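1. predicted model follows, preceded by the sequence.
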Amino acid sequence: MGKRYYSKFAKKEVEALSMQEKGVQYARDLKEGVNGLTGEKLTPAQAGYRMGVLNERSSSAWVFKKKNPNYKRK
């Protein structure tokens, strides 16, 4: 999972997720309709933000593939 650290602002230990972990969590949240961290139902604004993050990730992957057609994953 992500890296855990103490947040002075939140005054508690929080977990920083990588982009891949965040995408998996947001997709699960949208599918279930609840926030994975709090267990509360997603508001329309929260659902919209999660959809935007997932859409941006797929868009950037598409652009990378178009710019690098011969790229082979190692």
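-> Okay, I see it.
2. run a quick neighbour tally on the nearest residue to Lys41 once chain neighbours are set aside.
-> Distances taken as Cβ to Cβ, 6 or more residues apart in numbering place Val34 nearest to Lys41, at 5.6 Å, with adjacent residues excluded. From N, CA and C alone the C-beta is placed, and that goes for glycine too. Neighbourhood size, Val34 [other Cβ atoms under 10 Å]: 14.
3. any idea how far Arg28 is from Val34?
-> As judged by Cβ to Cβ, to the nearest Å, Val34 and Arg28 stand 9 Å apart.
4. ditto for Phe64
-> Applying Cβ to Cβ, the value for Phe64 to Arg28 is 24 Å.
5. so which residues of this protein form helices?
-> 19-32, 44-67 (DSSP state H).
6. please work out the average pLDDT along stretch 61-70.
-> Looking at stretch 61-70 alone, the average pLDDT works out to 86.
7. show me the contact partners of that stretch.
-> Here stretch 61-70 makes contact (Cβ atoms under 8 Å, 6 or more residues apart in numbering) with Tyr71.
8. what residues of it count as buried?
-> Within stretch 61-70, no residue qualifies as buried by neighbour count (16 or more other Cβ atoms under 10 Å).
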